[in-house]
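Visitor: Have a look at this fold, sequence not included:
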């Protein structure tokens, strides 16, 4: 099997962010929270490879620690979407056309009316801003996505002969869903998971940019951008670098998603 | 079509009812006492009691819910606690920033994405196609608020073609406001245009593979004629659905972009509401946003069914 070039390029880009996040647990070039007013707003180069911010904090160190926040929020939010959405999708497909299916799909439509940002606004208005709220908001928004993808993929499987045979042989719908349907739609779910992961990174950045995500002193890419905004003419590197980190990570994940789809689902190759 | 419209209408109303219950529950029931929450921990008991009276919190939960919904239906969104003016007035003023911004961005996204997507599909596999799809791949990965900051850096700070933010107000004439909304609209439109161009391309490619296109070509139509006369119309159906869906993303995105450009829109209103714990404002504006999204979904469903009779059966 030939590994698609997009997959390799994407894995390289996204892997860099994951590596930065992991390394930040044991080492950063400087203390990410260490302020040094004498060394404030330094341009990239020298001792501070990517420069310093208005408090003299090392941008590279903040970027590395910020990668943790972005990745953690996005991963947990995807996990939540999978944990809630996939069972719902399986139930809907198993009882296709029935009452449960109708309720689940209408519920899905309803959640789609609440963009992640609006959910975050609602949660924050009552509980105050935090990274957990960002996870909840993005996770809730992910749920109908996974439910819909799962249901769609499972529906086409339910018409296949071997599934029918299992049903005739007396296997329950729950067991068929778990033993035959789920393993066969895993590919599609992995691809969708990658896409939602990248959307989660974007959403987390947006939420923390407007102050609805991770709170100080936890560094996050979105908040680095928010803080850079007032100094954009003075120190453009502060605005450029975190943004490029987001673009690289999201682009990498999207390429991984495209590559995985090509690799795992040969039928998709023709359409592209 | 009448039966379909009726069934979609019922589902629209049900969605609105459920959405209003959810919003009401989150804002007014979960915090316990909204009056105490809005005033903070150090408020005197008399102040809390006065606000409770103002907000009508003495009444039961059900009565309050119906009062809120009833008020919304008659255009009474309640009184802002911090501004001391009707929320409806605040919203009306802000809507004239957020709505034009959203529509401007939607227009830009469509105007950019459709021709580019068609070009990529018509020249599938060419260098043009690869270039367009590469740009789209990048466009999807760019956060709109960061792109907005880059636009400010280049076009407002360095070139000085546009101002870095602010909004003159519609009483200052049409063009100054269009100019003020241009950078925000471009920032909002680019990522959505990238998505739309990809949808346009794959929809058109799928149509071009159909038998009737081969027939049209066999009848002597050129490739370009086949694309324009037969394929494009059919390929536009899925594209229109995505355009409808994008409205909600753009509206939500506008809330964030307004922050970059200091535009006095619904987004600023909602964030001020959050920081000042003005739950009445947050509740009403969120309901309004959700209403807009549900309404657009409904209209897209109808438009879709009008174009494609097969869908009316559901």
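Guide: Thanks, I have the structure now. This is a predicted model, so every value here is computed, not measured.

Visitor: Got phi/psi on the closest residue to chain B within the stretch 1-150 of chain A?
Guide: In the stretch 1-150 of chain A, the residue that lies nearest chain B is residue A:115 (3.9 Å; C-beta to the nearest C-beta). Bear in mind the C-beta positions are built from the backbone N, C-alpha and C, glycine included. Backbone geometry at residue A:115, expressed as degrees, to the nearest 10, gives phi -60, psi 150.

Visitor: Hmm, it is touching residue B:252, no?
Guide: Yes. Residue A:115 is within contact range of residue B:252, at 3.9 Å (criterion: C-beta atoms under 8 Å).

Visitor: Give the residues shared as contacts by the two.
Guide: Each of residue B:289 lies in contact with both residue A:115 and residue B:252 under the rule C-beta atoms under 8 Å, 6 or more residues apart in numbering or on different chains.

Visitor: what's the burial count for the residue of the stretch 1-150 of chain A closest to chain B?
Guide: By other C-beta atoms under 10 Å in any protein chain shown, the residues close to residue A:115 number 23.

Visitor: Contacts only, for it.
Guide: Here residue A:115 is in contact with A:141, B:248-249, B:251-252, B:289, B:293 (C-beta under 8 Å, 6+ apart).

Visitor: Can you flag which of the residues you listed belong to helices?
Guide: Mapping the contacts of residue A:115 onto helices (DSSP state H) picks out A:141, B:248-249, B:251-252, B:289, B:293.

Visitor: Specify which member of those is nearest to residue A:111.
Guide: Checking the ones in helices among the contacts of residue A:115 against residue A:111 by C-beta to C-beta gives residue A:141 as the nearest, at 7.0 Å.

Visitor: what residue ranges in the stretch 151-272 of chain A score low on pLDDT?
Guide: The model of the stretch 151-272 of chain A has pLDDT under 70 over residues A:265-272.

Visitor: in it, which spans are strands?
Guide: Using DSSP state E, counting those that start in this stretch, no strands are found in the stretch 151-272 of chain A.

Visitor: need the residues of it near chain B, please.
Guide: With the criterion set to C-beta under 8 Å from any C-beta of the partner chain, the stretch 151-272 of chain A comes near chain B through A:198, A:202, A:205-206, A:209-211, A:225, A:228-229, A:232-233, A:236, A:239-240, A:242-243, A:246-247, A:250-251, A:254-255, A:271-272.

Visitor: same thing but at 7 Å, please
Guide: A:202, A:205-206, A:209-210, A:225, A:229, A:232-233, A:236, A:239, A:243, A:246-247, A:250-251, A:254, A:271 (C-beta under 7 Å from any C-beta of the partner chain).

Visitor: Run the chain-centre distance for the helix or strand harbouring residue A:93.
Guide: Using DSSP states H and E, the element containing residue A:93 is helix A:59-94. With C-alpha atoms, centre = their mean, to the nearest Å as the basis, helix A:59-94 stands 5 Å off its chain's centre.

Visitor: Check which helices and strands it sits against.
Guide: Packed against helix A:59-94 by the contact rule (3 or more C-beta pairs under 7 Å, 6 or more residues apart in numbering or on different chains; DSSP states H and E) you find helix A:5-26, helix A:99-112, helix A:131-158, helix A:182-209, helix A:221-229, helix A:236-264.

Visitor: what angle separates the third one from helix A:99-112?
Guide: Which is helix A:131-158. For helix A:131-158 against helix A:99-112, the angle by axes from the mean of the first three to the mean of the last three C-alpha atoms, to 10 degrees is 140 degrees.

Visitor: Could you name the helices and strands sitting against helix A:131-158?
Guide: By 3+ C-beta pairs under 7 Å, 6+ apart, helix A:131-158 packs against helix A:59-94, helix A:99-112, helix A:116-127, helix A:182-209.

Visitor: in it, what's buried?
Guide: Using 16 or more other C-beta atoms under 10 Å in any protein chain shown as the test for burial, helix A:131-158 gives A:131, A:133-151, A:153-155, A:157-158.

Visitor: Next up, the contacts around the closest residue to residue A:79 other than its chain neighbours.
Guide: Spatial nearest neighbour of residue A:79, excluding adjacent residues (C-beta to C-beta, 6 or more residues apart in numbering or on different chains): residue A:139 at 7.7 Å. Applying C-beta atoms under 7 Å, 6 or more residues apart in numbering or on different chains to residue A:139 gives the contacts A:77, A:80-81.

Visitor: and what of residue A:143?
Guide: Counting by C-beta under 7 Å, 6+ apart, residue A:143 touches A:81, A:84-85, A:111.

Visitor: out of the residues you listed, who has the most neighbours?
Guide: Neighbour max across the contacts of residue A:143 (other C-beta under 10 Å) = residue A:85, 28 neighbours.
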